[in-house]
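J.: Next comes the sequence, and after it the predicted model I'd like to discuss.
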Amino acid sequence: MAKMKDSELIKIAVVGPESTGKSTMAKSLATHFDTICVPEYARYYCQDLNNQYTLQDEVNMFFGQLALEDALSSSAKNNLLIADTTIMTIKIWSDHLFGETPENVLAEITNRKYDLYLLMDIDLPWEDDPLRDFPEQRPHFMDVWKKELIKLNANYLIISGLDEKRMENGVQAVQNYLDSLR
């Protein structure tokens, strides 16, 4: 693995199906590694949509997530940025709900690189939330995430475990990656 220059920002993306602890993991990793966590823009955007999404809403969330990540990147400390999801989520939901993904989203997915993806496993019990829609389809979405990450030739690890063990596994995955750059 190539050595990293001191000025290069390392981007870790926490991704996966609904109700797998992504936000909790992302915030915990940011705290542990003393850096910034880019929150999931869609959680703010969707609060008043009552689960009635349009393709234009997906595009709006795409631009919102990009803007949020770009704005917060300069606040990253220790050359490390933790992202609570990526724009790949827009592709997955657009394909699922509308059967298509806008070209600008597809192009940006291939351009916007993350150094490591932590794919959160579906081994956690479902937690109901007004912004969650498909509890019975988590295995399907786990498969979709794997296929999309493989298609990107992404560096990813599946993070499993309950409670503190899950957090330990996430921290260890990131630490191992950081150590491999030295």
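T.: Received, thanks.

J.: Reduced to three states, what does residue 158 come out as?
T.: Three-state call for residue 158 (DSSP: H, G, I helix; E, B strand; the rest coil): strand.

J.: which residues touch it?
T.: 119, 120, 121 (Cβ atoms under 8 Å, 6 or more residues apart in numbering). C-beta here means a position set from N, CA and C on the backbone, and glycine is covered the same way.

J.: Tell me, what's the model's pLDDT at the first one?
T.: pLDDT, residue 119: 98.

J.: and it, what helix or strand is that in?
T.: strand 116-120 (DSSP states H and E).

J.: residues in contact with that strand?
T.: For strand 116-120, contacts defined as Cβ under 8 Å, 6+ apart pick out 10-17, 20-22, 25, 86, 142, 145-146, 149, 154-159, 170, 173-174, 177.

J.: Only the buried subset of the residues you listed, as a ChimeraX command please.
T.: Restricted to buried positions by 16 or more other Cβ atoms under 10 Å, the ChimeraX selection for the contacts of strand 116-120 reads:
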select :10,11,12,13,14,15,16,17,20,21,22,25,86,142,145,149,154,156,157,158,159,170,173,174,177
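
J.: and the contacts of strand 116-120, which of them are in helices?
T.: 22, 25, 142, 145, 146, 149, 170, 173, 174, 177 (DSSP state H).

J.: Now for the residues you listed: which two are most distant?
T.: 142 and 177 (21.5 Å; Cβ to Cβ).

J.: Please tell me how far residue 154 sits from residue 146.
T.: From residue 154 across to residue 146, the span is 10 Å (Cβ to Cβ, to the nearest Å).

J.: Flag every buried residue along the helix or strand bottoming out on mean pLDDT in the chain.
T.: Ranked by mean pLDDT, DSSP states H and E, the weakest helix or strand in the chain is helix 41-45, scoring a mean of 85. Across helix 41-45, burial judged by 16+ other Cβ under 10 Å covers 41, 42, 45.

J.: now, which of the contacts of residue 158 sits nearest residue 107?
T.: Using Cβ to Cβ, the contacts of residue 158 come closest to residue 107 at residue 119, 22.8 Å.

J.: I'd like to know how many residues surround that closest one.
T.: Residues lying near residue 119 (other Cβ atoms under 10 Å) number 23.
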